[in-house]
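A.B. asks: quick one, structure for this:
(one chain, ligands or ions: 2)
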Amino acid sequence: MMNYAEFHQRSIEDKAAFWGEQARLIDWHKAPEQVLDFSNPPFARWFVDGELNLSHNCIDRHLAERAEQNAIVWLSTEINRALLAEKPAVQAAFDDLGARIIVEDGCVKRHISYREFHQEVNYFADVLQRLGVDRGDRVVIYMPMIAEALFAMLACARLGAIHSVVFGGFAAHNLAMRIDDAQPKVLITADAGMRGGKVVPYKHLVDSAVEQAEFKPEHVLVVNRGLDAAMPQQNWDVDYATMRHNSVDRQASVPCAWMKSTDPSYILYTSGTTGKPKGVQRDIGGYAVALAASMNHIYDCRPGEVFWSTSDIGWVVGHSYIVYAPLLHGMTTIVYEGLPTNPDPGIWWRTIAEYRVTALFSSPTGARILKKQDPAWMDKYDLSSLQYFFLAGEPLDEPTASWLADNLDAAIVDNYWQTETGWPLLSYLPGVDLKPLRYGSPGMPVYGYDVTIRNEATGAPCQPNEKGLLTVQPPLPPGCLATVWGDDKRFISSYFSEFDGSYYSTSDWAVQDEDGYYFILGRTDDVINVAGHRLGTREIEEAICGHPLVAEVAVVGKADELKGQVPIAFCTLKDNSAMDSADKRAALEKEVFAEVVKQLGAVARPAEVYFTLTLPKTRSGKLLRRSIQAVAEGRDPGDLSTLDDPNALAGIQEIMRG
Ligand code: ATP
Ligand code: MG
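C.D. replies: Ligands and ions are numbered 1, 2, ... in the order given. Below is the predicted model:
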């Protein structure tokens, strides 16, 4: 077995051999002879002459060995016995969709074997085909976390159509923007989703998005769950259950369209934390190979095991690790509709015990929600199956990582990546050689990525402990974005404009320690320049998080006449009674200052510290520092469409008004 460094080195120095080998994890209709075409940099084309289909690789090829194994376990804590009793239309809708459900006290479940999955995806593909969807056509999917959403994605893949899943929680305006950019022939939705026991209507939002958009899809295909009796209807609507009946009657089967490796599989928009979202275009062959390889080397999973990513299918983690990677690898994937604390804070742990989940994948936000709960919820269940808890999406602070490690008998693995990369760029490699974990660090460059931290001014590689821009030497490895949808120029200007266009810029700021571990210090937009000292917001936040009363913190730079910029901090507390008097706040403020000075020195000491009840976050759980900063500087907070709770910013506005 190779060690980490040898494995990485080989992946960079002998790309053809390394990725040629990984390509054997996939079934090719036509095996590729050329691994990489990099004749038109920075555009990399992987496995150029290969032909394959993602639906075949995720489903059909497993049928011989695992037809009766669960492909999908769907679990909803939003739909339960009480709701079924209250709304008979919901049970009727399950029946109409051919869904056999299991009703337990706190939830409703659906077990879907690979055989059934194959059948349902064939029906869905048949329905789409009858609506005129053909290879290369776009299909926008705006759906809650239900099994039909996965059927829809895999049906698109089967036909060679390009899906664009939009997080079902975005406002009409966000959806309209993406409709105009992707120009879909069909839009797939549901009548409604549910969140925290409340019905969230989807269909009426879709109607208003279609109205706002300049481009009009030909059909809106609706999976009616019987949740919203007042669902509006339009003349372009098509009812999925009705069309499916016809497919069932004909026992419709749709052959996989053999696609070129470099054909697009999907478009997915970035979270929009730093501005207008970019439409990341993914290929088919490179993505399949990268994901399959990651299940061996990074996620250390075996076919037949159960994988659970608590993300949403609308995010990149959902695309890669709820849907494609576990299915490519012949695993069972858990699809969860619900909150981590409903019906009680033991729901995640109960589910892990019940299904013997071996790998859990979540976000630091998710972990911090559970950290606020009594650890007794974890002791209640047998969690011995759980080997790994992976986290990505934002910095995993050391206290949260340690808390997880103290309470779980599983390795806590932070990995760093982006919508653009599709799979981890920095990580530990449990499947190759698991280095000692260092909490606060997402590990080291993953095989395939030729990573260098560069001085922002000169582009020269940084020394250990010297902060700089995290860059990748092109070609980007398989699985990464091929381009920005319909906009090659934006691909170059967004990612290859630094240092003469020679490197891919992550737009994140990082540092490497003497032992080779990487640390993400924040986005380049978030770097603060205090009297010539460059400070990452992340470093200061991490220091403040060391205070036992602080739950979460956002640090932003505020313009200052004397120093250029000064850091100011907004904290939420574990116990709000600690901020209920001016005296208490003043005492706490002193302690926070002391914590920062102790860890980072006086330059990093925030000019102001505020205590607040909530911090503004994107729908994907990321702190919206650009808006906090704008408010702190008395500017317009900008595009707030990705904000989760619009009131969170109002709290900060109030503080700033004094
Ligand atoms: P946009 O690019 O539209 O502004 P976004 O960058 O928030 O939105 P994503 O692709 O969802 O959209 O997020 C990727 C970013 O999340 C990374 O560039 C990094 O800033 C942050 N991130 C992801 N994983 C980690 C991690 N493990 N540690 C620290 N930061 C992380
Ligand atoms: Mg980004």
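A.B. asks: what segments of the stretch 101-250 of the chain are strands?
C.D. replies: Under the criterion DSSP state E, counting those that start in this stretch, strands of the stretch 101-250 of the chain are mapped to 102-103, 108-113, 138-142, 162-165, 186-190, 192-195, 198-201, 219-223, 237-239.
A.B. asks: and the longest helix seen in the chain, what other elements does it pack with?
C.D. replies: Ranked by residue count, the top helix of the chain under DSSP state H comes out as helix 582-600. When contacts are defined as 3 or more CB pairs under 8 Å, 6 or more residues apart in numbering; DSSP states H and E, helix 582-600 packs onto helix 537-545, strand 564-573, strand 608-611. C-beta here means a position set from N, CA and C on the backbone, and glycine is covered the same way.
A.B. asks: try it again at 7 Å.
C.D. replies: Other elements packing on helix 582-600 under the criterion 3 or more CB pairs under 7 Å, 6 or more residues apart in numbering; DSSP states H and E are helix 537-545, strand 608-611.
A.B. asks: tell me the most buried of these?
C.D. replies: Greatest average neighbour count among the helices and strands packed on helix 582-600 goes to helix 537-545 (a mean of 24), per mean count of other CB atoms under 10 Å.
A.B. asks: then the longest helix of the chain to PDB, C-alphas only?
C.D. replies: C-alpha atoms of helix 582-600 as PDB (Å, rounded to 0.1, in the frame of the first residue of the first chain):
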ATOM      1  CA  ALA A 582     -24.900  46.000  30.000                       C
ATOM      2  CA  ASP A 583     -22.500  44.900  32.800                       C
ATOM      3  CA  LYS A 584     -22.600  41.300  31.700                       C
ATOM      4  CA  ARG A 585     -22.000  42.400  28.000                       C
ATOM      5  CA  ALA A 586     -19.100  44.600  29.000                       C
ATOM      6  CA  ALA A 587     -17.500  41.800  31.000                       C
ATOM      7  CA  LEU A 588     -17.900  39.300  28.200                       C
ATOM      8  CA  GLU A 589     -16.500  41.700  25.700                       C
ATOM      9  CA  LYS A 590     -13.400  42.000  27.800                       C
ATOM     10  CA  GLU A 591     -13.000  38.300  27.900                       C
ATOM     11  CA  VAL A 592     -13.400  38.000  24.100                       C
ATOM     12  CA  PHE A 593     -10.800  40.700  23.600                       C
ATOM     13  CA  ALA A 594      -8.400  38.800  25.900                       C
ATOM     14  CA  GLU A 595      -9.000  35.500  24.000                       C
ATOM     15  CA  VAL A 596      -8.000  37.000  20.700                       C
ATOM     16  CA  VAL A 597      -5.000  38.800  22.100                       C
ATOM     17  CA  LYS A 598      -3.800  35.600  23.700                       C
ATOM     18  CA  GLN A 599      -4.100  33.600  20.500                       C
ATOM     19  CA  LEU A 600      -3.300  36.000  17.700                       C
END
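A.B. asks: tilt between it and helix 537-545?
C.D. replies: For helix 582-600 against helix 537-545, the angle by axes from the mean of the first three to the mean of the last three CA atoms, to 10 degrees is 120 degrees.
A.B. asks: residue 435 - how many residues pack around it?
C.D. replies: For residue 435, the tally of surrounding residues (other CB atoms under 10 Å) stands at 16.
A.B. asks: I'd like the distance between it and ligand 1.
C.D. replies: Using CB to the nearest ligand atom, to the nearest Å, residue 435 is found at 16 Å from ligand 1.
A.B. asks: ok, now residue 405?
C.D. replies: 16 Å.
A.B. asks: I figured that residue hits residue 413, correct?
C.D. replies: No: assessed by CB atoms under 7 Å, residue 405 is found out of contact with residue 413, at 10.6 Å.
A.B. asks: compare neighbour counts for those two and give me the winner.
C.D. replies: Taking other CB under 10 Å, residue 405 and residue 413 do not tie; residue 413 has more neighbours (26 against 15).
A.B. asks: does the strand or helix carrying that one reach ligand 1?
C.D. replies: Assigned by DSSP states H and E, residue 413 belongs to strand 411-414. Yes: using CB under 6 Å from any ligand atom, strand 411-414 comes into contact with ligand 1 via residue 414.
A.B. asks: that strand pairs with which strands, parallel or anti?
C.D. replies: Strand 411-414 has the following sheet partners, assigned by DSSP bridges: strand 388-391 (parallel).
A.B. asks: just the mean pLDDT for the partner strand, thanks.
C.D. replies: For strand 388-391, the per-residue pLDDT values average out at 98.
A.B. asks: the closest residue to ligand 1 within the stretch 401-550 of the chain - how many residues pack around it?
C.D. replies: Residue nearest to ligand 1 within the stretch 401-550 of the chain (CB to the nearest ligand atom): residue 419, separated by 3.3 Å. By other CB under 10 Å, 21 other residues sit near residue 419.
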